[in-house]
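Enquirer: Show me the folded form of this:
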Amino acid sequence: MSRSSAEVEYRAMTHTACDIVWLKNLLIELEFRQSGLRPMHSDNQSAIYIAQNPIFHERTKHIKIDCHFVRDACTNEVVTFQLTPSSKQLVDLLTKTASPQVFSNLYNKLGMLDLYTPA
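Expert: Numbers count the residues shown, from 1 in each chain. Here you go, the predicted model:
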């Protein structure tokens, strides 16, 4: 059980990094080489700091294995981390409450149509 939102976000980053490493290796095996880092977006600054700064690892004893995997992916230049605010993440429309302005903005970006509006 996670004890903080940063821990939850970090565990999600671990699963994403694992998938990115797997896809990278699959593409290499298929002889499709792609250079550059793969961006990983997160809206939690604490999770990004934990991934980038080894000093924070001592304070996060509950996620030690995850720390090593994500840190290795960052050190081996497989992924890079980017802070993306919640107001710009489309999935947050479906999982979190939002102000009417943010809701409207994300709703329009998804291209959803209201079936109940008069034609």
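Enquirer: Low-confidence bits of the chain, can you list those?
Expert: Low-confidence segments of the chain, defined by pLDDT under 70: 1-4, 54-67, 119.
Enquirer: how's the protein carved up into domains?
Expert: 5-84, 86-119 (automatic domain parsing).
Enquirer: possible to save these as CSV with mean neighbour count?
Expert: From N, CA and C alone the C-beta is placed, and that goes for glycine too. Putting the domains of the chain into CSV (neighbours: other Cβ atoms under 10 Å) gives the following:
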stretch, mean neighbour count
domain 5-84, 15
domain 86-119, 11
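Enquirer: can you give me phi and psi for Arg33?
Expert: The phi and psi values for Arg33, taken as degrees, to the nearest 10, are phi -90, psi 130.
Enquirer: Then the one 5 residues further on?
Expert: According to degrees, to the nearest 10, the main-chain angles of Arg38 amount to phi -100, psi 120.
Enquirer: Run through the bridge partners of it.
Expert: Judged by DSSP bridges, the bridge partners of Arg38 are Val79.
Enquirer: is it true that it touches Val78?
Expert: Yes: in this structure, Arg38 is within contact of Val78 by Cβ atoms under 8 Å, at 6.6 Å.
Enquirer: No further queries at this time; thank you.
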